[in-house]
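This is a predicted model, with the sequence first.
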Amino acid sequence: MTNLSLDAFTADLERLRAEAEQTLADVADEATLEQARIEFLGAKSGRLKLAQKGLGQVAGSDKPAAGRQFNAVKSAVEALFQQAKDRAATGPANVSAETVDVTLPGTPVRFGRLHPLTQTIRRVASIMGHLGFEVVDGPEVEDQWHNFEALAIPAEHPARDPLDNFYISVANSAEPFLLRSQTSTVQIRVMEQRQPPLRIVSLGRVYRPDTADATHYPMFHQVEGLLVEPGTTMAHLKSVLRAFASNFLGGDVHVRFRPSFFPFTEPSVEVDMEWNGRWIEMGGAGMVDPAVLEAVGYDPDEVSGFAFGLGVERIAARRFGVADIRDFYRNDVRFLEQFSDRGQA
Ligand code: FA5
């Protein structure tokens, strides 16, 4: 029986291909894939099978062309089916594997912290900055002029004893250098370069061959403050130290001066701070000795100044309630991670 025109056969095939495309594109799982397989590729009454049967109704002369068209559509539908099958096998599985379960607890992120001494140094710099002091730096390897002579510490002074300092012999230098034993060196370096008025603070490492104990370490940090302006008095010194201590420790901190001696200040004092009912020595201070002002070319009749030097480990220990400053250097993370710097300056 030859009652199907080639055009009608072709139109039927194109409709089949379009519907197969649409149906297979919507396949999301194994069940719909199977339905589509039966509908289009079913061995008995699948639509391709029926189209193949229609081939028999096409006129003999058109059969070769109709056969080629049928084969092309059959291959296309089989390829679409294979793609849908692959998607059904891998697609949904991947999606479920990649789905985020928002009810699961998150993976904790471990935050690092600044070392408590770094926190302390930054905090001191910030407080002193608010009081109008500029942060300056100086070298840790010093010459004897800046560490001693300009600070009125003459050659025969016991502070220059080789047993109390880390001297370094330097090639082509007549005199040895040393690891600075105090940050007062920076006072001299700044005054040599600038004219008053001056308000500076310097924070850094200093070195002394001290035996390590609860309050001493051979390498430690100092904070040095220097103010030089006409009319400066001990009252200004005490006010600045009191403002600093109250800001640093929090609350109303009392500051006590005890008479002392430093070659480069006159008068000189030891600075104690009382906090939570206990007094502790924080450092030394005094009015800059006129001999020091003269050594850097200032006129002591025109300007006066005060200076102070505090031990950073001591004030950090005070603030954090640490009994032994050696703990700052033991590098035990369980100790160090107790001091949170979050929210601090
Ligand atoms: C001085 O170093 C003076 N340059 C301070 C000064 C500055 C006085 C300006 C006047 C004017 P002293 O040697 O006392 O002073 O040390 C100051 C502070 O450093 C001490 O009070 C203490 O807090 C700290 N310190 C001293 N030696 C050690 C050490 N081995 N380990 C830890 N901290 C120390």
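Looks like it arrived, so ask away.

and Glu224, that one's in a strand?
Yes. Counting by DSSP: H, G, I helix; E, B strand; the rest coil, Glu224 is found in a strand.

show me the contacts for it.
Gln182, Thr183, Ser184, Val186, Gln187, Val201, Ser202, Leu203, Ala307, Phe308, Gly309 (CB atoms under 8 Å, 6 or more residues apart in numbering). From N, CA and C alone the C-beta is placed, and that goes for glycine too.

Intersect those with the contacts of the ligand.
When contact is defined as CB under 6 Å from any ligand atom, the contacts of Glu224 meet the ligand at Gln182, Ser184, Ala307, Phe308, Gly309.

top of these by neighbour count?
If you count neighbours using other CB atoms under 10 Å, the busiest of the ones next to the ligand among the contacts of Glu224 is Ser184, which has 30 neighbours.

Tell me which residue in the stretch 151-300 of the chain sits closest to the ligand.
Closest to the ligand within the stretch 151-300 of the chain is Gly284: 3.1 Å, counting by CB to the nearest ligand atom.

sec struct for that residue, please.
Following three-state DSSP, the label given to Gly284 is strand.

Who does it form a beta bridge with?
Assessed by DSSP bridges, Gly284 has beta-bridge partners Glu270, Gly309.

Verify the contact between it and Glu270 for me.
Yes. Between Gly284 and Glu270 there is a contact under CB atoms under 8 Å: 5.9 Å.

Give the intersection of the neighbour lists for the two.
Common neighbours of Gly284 and Glu270 (CB under 8 Å, 6+ apart) are Ser260.

between these two, who's got more neighbours?
Remark: of Gly284 and Glu270, Gly284 carries more neighbours, 23 against 17, as counted by other CB under 10 Å.

Run through the residues that contact that one.
Contacts here follow CB under 8 Å, 6+ apart; on that basis Gly284 touches Ser260, Phe262, Thr265, Ser268, Val269, Glu270, Val271, Phe308, Gly309.

still on that earlier bit, find me the pLDDT at the residue of the stretch 151-300 of the chain closest to the ligand, would you?
Here, the pLDDT recorded for Gly284 equals 97.

And the residue of the protein closest to the ligand?
For the chain, CB to the nearest ligand atom, closest residue to the ligand: Gly311, 2.3 Å.

would you list every one of the helices in the protein?
Applying DSSP state H to the chain gives helices spanning 6-25, 30-36, 47-55, 63-98, 116-130, 144-147, 184-193, 234-249, 290-295, 312-320, 333-336.

Lowest mean pLDDT across these, which one is that?
helix 63-98 (a mean of 84).

got the buried residues for that helix?
With burial defined by 16 or more other CB atoms under 10 Å, the residues of helix 63-98 counted as buried are 63, 66, 69-70, 73-74, 77, 80-81, 84-85, 87-88.

Distance from it to the middle of the chain?
54 Å (CA atoms, centre = their mean, to the nearest Å).

now the angle between helix 6-25 and it, please.
Interaxial angle, helix 63-98 versus helix 6-25 (axes from the mean of the first three to the mean of the last three CA atoms, to 10 degrees): 10 degrees.

Could you report the neighbour count for the residue nearest to Ser268 when sequence neighbours are not counted?
In this structure, Ser268 finds its nearest non-sequential neighbour in Gly286, 3.8 Å apart by CB to CB, 6 or more residues apart in numbering. Number of residues near Gly286 (other CB under 10 Å) recorded here: 25.

which bits of the stretch 51-200 of the chain sit near the ligand?
Listed as neighbours of the ligand in the stretch 51-200 of the chain under the rule CB under 6 Å from any ligand atom: Gln182, Ser184.

and the residue nearest to Ile127 when sequence neighbours are not counted, how far is that from Pro197?
Spatially, and ignoring its direct neighbours in sequence, Ile127 is nearest to Asn247 (4.6 Å; CB to CB, 6+ apart). Asn247 is 22 Å from Pro197, where distance means CB to CB, to the nearest Å.

Have a look at those two and say which one is more surrounded.
Comparing Asn247 with Pro197 by other CB under 10 Å, the one with more neighbours is Asn247, at 18 against 13.
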